[in-house]
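> build me a structure from this.
(2 chains)
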Number of protein chains: 2
Amino acid sequence: MTKAEIITIGDEILYGQTLDTNSHWISGVLDEINIRVYQKTTIGDDADQILGAFREAEDRADLIIITGGLGPTKDDLTKPLLAKYFNVRLRMNEEALSEIASIFKSIGRELTEINRKQAEIPENCEKITNRLGTAPGMWFDVRGKVFISMPGVPFEMKAMMEEILIPKIAERFGKGVIYHKMIKTIGIGESNLAELIVSWENDLPENIKLAYLPSLGQVKLRLTAFGNNTGDLEKQTDHLIDDLVPLIDRYVYGYDDEEIEGVVGKMLTKSGSTISTAESCTGGFLASMITSVPGSSKYFKGSVISYSNEIKTAQLDVSEEDLNIHGAVSEPVVKKMAESVRVKMGTDVGLAVSGIAGPDGGTPEKPVGTVWLAYADSKKTIARKVNFTKNRELNIQFSALTALNLFRLNFSSN
Amino acid sequence: MTKAEIITIGDEILYGQTLDTNSHWISGVLDEINIRVYQKTTIGDDADQILGAFREAEDRADLIIITGGLGPTKDDLTKPLLAKYFNVRLRMNEEALSEIASIFKSIGRELTEINRKQAEIPENCEKITNRLGTAPGMWFDVRGKVFISMPGVPFEMKAMMEEILIPKIAERFGKGVIYHKMIKTIGIGESNLAELIVSWENDLPENIKLAYLPSLGQVKLRLTAFGNNTGDLEKQTDHLIDDLVPLIDRYVYGYDDEEIEGVVGKMLTKSGSTISTAESCTGGFLASMITSVPGSSKYFKGSVISYSNEIKTAQLDVSEEDLNIHGAVSEPVVKKMAESVRVKMGTDVGLAVSGIAGPDGGTPEKPVGTVWLAYADSKKTIARKVNFTKNRELNIQFSALTALNLFRLNFSSN
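Presented below is the predicted three-dimensional model:
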């Protein structure tokens, strides 16, 4: 397996001024040609540190990709330090010079001495054309390792990678394949999920790695397969997933880039059905998740946000008796909310949420985090009670996610 | 000068699946207390690599901050490797155990054996409370160097840093006293703001730093004062702000942690007034911003989300004539929406939004990003048209922010 490292050079990244998105992008494109990034290092415009980073990376990796530090100004050290590191001289590259000259000509500016110097590169490297800027890229194939140096300007770097370097790297290292598959779950915690699949996980073959990636209310399982052929890895992974899914069937809502709100949207689109929401504690957050999906106007008609009890009564026909006897956070009230909004908005499904988001409003019987959710269609109304956290923001997010999951588990198109 | 390094652990970052924003954020907050990050390293879930990174970082830096690899599952290696690195054992931390138990209790889930183990930490470290998750942080002060280990979940990490670690780091490395004050503006761009305050900025004393922190639709001005006494710095900063505010009066909506939705809430609470919203393109996002504020049930009654034209007509009395002649994204429609929801929900103020969020639905006259907003109270209805971006998500967020700013500029309690 080819090991790659990325070295990002620039004070502006270390001091928190510029978010480094280059190394993230490079990781992604290398992954696609089956090269694994083993380490990323970010350092400032400091000669000793830069030379140290080159040495350490050469010890560990086969491919070292360097971005940044190639501009024409004093603090740009990468090029002279690469020459020093390989113990070679800088030499004028005539092709690079004519490329730089033509860029200057095209913008009607004169070539300065500083810009001419940008065409000087270490004598042991191959020049990589920078179509969109004046700092050429460099390719060093030395002592069995490849060093690549590129400017840090994202669009220049990306064009060089896509047009020249990715094919060149693939040719130079073309062996070994990586295949990823993400299984997305909702409604179960990381440790409970781990317990359900412990024997499946223990039996995973050597070439497959499993990672748990938790986020709010969800856990993603990422399978990474290593081998020689993508088709074979895909088959192998599919078989493993066939064994996995029955163990956690109820919790799996999608794969790879799918999101729960998108899955809900697809279910509605596929069956030509429509939905509306009646929300109390989520205060519009559930509707805003549904409408975050492009094209949601095809299946989402509208909502009533009934934050106060008067609005629950006036707009959603919740009876004052139910409010007095059971309270706003109760099964009869949330069921009525779902049924009423469905009728009022003329939709196939109504989803409702009523709960105590906090920080105030809790009681001993109904502490902060108590939430009732309901799903209503033409045949049934289903309600569920959950106890979330003490944190208002998390309670709102958890409630909306759980409502979408309630839809997923109960919706059928006829 | 104290030297810091950041080590980020996680395969998902190396493979280009997760963009590392943690180290960027940490660099920024360390910079504020005059600690320079000299290197950032990202590595995978691999024991040798992690131990190697610890060794190299200890050679170079005074403060080593590690994020990631603290979950309860097998691929989380940071904690046992820290114990191995310092040649100590893991020991159950009773305080951490009771904190984890109370988190599980609050969400009504059972504590598993795996979660109990999260409370075991290396015997030579100090536990750092994780208020929002189950993996405690760790503080090691060994051989004159400080190692800090935190979970990689951004909101858990940020709360730990802000509430506990930043003051602790500042004290440990003798950074003197730092005082921050944030002035928050809305409705003006960074460069226009800079022009309005240029001479004030040029006159700032040596010990005060100004940073422009732009975020969606807003620019925050952060003053950082360095000295020996917090009271003195506070006084000095207050005087500077007294000079600043008259220059940008119309745009300043709050200070420090205040958010526009909180400021709107305070204005309503102070005058005992109530509000409702009628939303089309924001799809509930405006209501969910208003209700994200604890205690918002005192002034927010409810909303009608009228995503489809039928619902605009049936629930908000928008005339079919106006929809046909002017379209749903127009001044008469958005005004009627604000006026109707105000009456329907029985509130003092109605806010309405109707626009084209995209990606579809644009026309040459009304391209994607065209949004009409309206404010209605008992005396007036005010509408405003804005042109935002081509991006759906940004358009939704801009629209809701702008609606809240429309309220701020037009609301008066009588």
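> can you report how many residues lie near residue A:374?
With neighbours defined by other Cβ atoms under 10 Å in any protein chain shown, the count for residue A:374 comes to 27. All C-beta atoms are positioned from the backbone trio N, CA, C, and that covers glycine.
> center of chain A - which residue?
For chain A, the residue nearest the mean C-alpha position is residue A:257 (8.1 Å; Cα atoms, centre = their mean).
> which intervals of the stretch 151-300 of chain A have sub-threshold pLDDT?
Scanning the stretch 151-300 of chain A for pLDDT under 70 picks out A:175-177.
> try 50
Residues of the stretch 151-300 of chain A meeting the criterion pLDDT under 50: none.
> returning to what we had before: if I look at the residue nearest to the centre of chain A, how far off is residue B:21?
To residue B:21, residue A:257 is 19 Å away according to Cβ to Cβ, to the nearest Å.
> returning to what we had before: the residue nearest to the centre of chain A: what secondary structure?
Judged by DSSP: H, G, I helix; E, B strand; the rest coil, the three-state class of residue A:257 is coil.
> the one 10 residues further on now?
Going by three-state DSSP, the secondary structure assigned to residue A:267 is helix.
> what's the neighbour count on it?
A count of neighbours around residue A:267, defined by other Cβ under 10 Å, yields 18.
> my read is that it contacts residue A:411, right?
Yes. Counting by Cβ atoms under 8 Å, residue A:267 sits close enough to residue A:411 to count as a contact (5.8 Å).
> tell me which element residue A:172 falls in.
Mapping residue A:172 onto the secondary structure by DSSP states H and E places it in helix A:166-173.
> rounded mean pLDDT for the lengthiest helix in chain A, please.
Ranked by residue count and defined by DSSP state H, the top helix of chain A is helix A:392-410. Here helix A:392-410 scores 96 as its mean pLDDT.
> end to end, how far does stretch A:12-19 reach?
With Cα to Cα, to the nearest Å as the measure, stretch A:12-19 spans 9 Å from end to end.
> go through that stretch and flag the buried ones.
By neighbour count, with 16 or more other Cβ atoms under 10 Å in any protein chain shown as the criterion, the buried positions of stretch A:12-19 are A:13-16, A:18-19.
> tabulate those (TSV), appending secondary structure.
Formatted as TSV, those follow (three-state DSSP):
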residue	secondary structure
A:13	helix
A:14	helix
A:15	coil
A:16	coil
A:18	coil
A:19	coil
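> from these, pick the one nearest chain B.
Set against chain B, the nearest of those by Cβ to the nearest Cβ is residue A:16 (3.1 Å).
> ok, that closest one - contacts?
Shown here is residue A:16, whose contacts under the criterion Cβ atoms under 8 Å, 6 or more residues apart in numbering or on different chains are B:24-31, B:37.
> got the confidence number for it?
Note on residue A:16: pLDDT of 74.
> the residue of the stretch 101-250 of chain A found nearest chain B: neighbour count?
Nearest residue of the stretch 101-250 of chain A to chain B: residue A:191, at 4.1 Å (Cβ to the nearest Cβ). The criterion is other Cβ under 10 Å. On that basis, residue A:191 has 25 neighbouring residues.
> swap in residue A:102?
The burial count assigned to residue A:102 is 10, neighbours taken as other Cβ under 10 Å.
> which residues sit against the one helix or strand it maps to?
Assigned by DSSP H and E, residue A:102 falls within helix A:94-106. Outside of helix A:94-106, the residues within contact range by Cβ under 8 Å, 6+ apart are A:110-111, A:115-116, A:118-119, A:121, A:127, A:129-130, A:133-134, A:136.
> buried among those residues? Make that a PyMOL selection.
Applying 16+ other Cβ under 10 Å to those, the buried members can be selected in PyMOL as follows:
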select buried, chain A and resi 111+115+118+119+121+127+130+133+134+136
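> give me the subset of the contacts of helix A:94-106 touching chain B.
The subset of the contacts of helix A:94-106 within reach of chain B, by Cβ under 8 Å from any Cβ of the partner chain, is empty.
> which of the contacts of helix A:94-106 fall in helices?
Among those, the residues falling in helices (DSSP H) are A:115-116.
> okay, and which of the contacts of helix A:94-106 map to strands?
A:121, A:127 (DSSP state E).
> now do the contacts for the residue of the stretch 101-250 of chain A closest to chain B.
For residue A:191, the residues meeting the contact criterion (Cβ under 8 Å, 6+ apart) are B:72-73, B:112, B:114-115.
> for it, which non-adjacent residue is closest in space?
Beyond its immediate neighbours in the sequence, the residue positioned closest to residue A:191 (Cβ to Cβ, 6 or more residues apart in numbering or on different chains) is residue B:114, lying 4.1 Å away.
> hang on, the one you found packs against residue B:72?
Yes. Because the distance of 4.5 Å satisfies Cβ under 8 Å, residue B:114 is recorded as touching residue B:72.
> find the residues that touch each one of the two.
For the pair residue B:114 and residue B:72, residues contacting each of them under the criterion Cβ under 8 Å, 6+ apart are A:191, A:194.
> need the residues of the stretch 301-414 of chain A near chain B, please.
Within the stretch 301-414 of chain A, the positions adjacent to chain B are A:301-308, A:310-311, A:315, A:344-346, A:357-361, A:369, A:386-394, A:396 by Cβ under 8 Å from any Cβ.
> of the residues you listed, just the buried ones, ChimeraX syntax please.
Applying 16+ other Cβ under 10 Å to those, the buried members can be selected in ChimeraX as follows:
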select /A:301,302,303,304,305,306,307,308,311,315,344,345,357,358,361,369,386,387,388,389,390,391,392,394,396
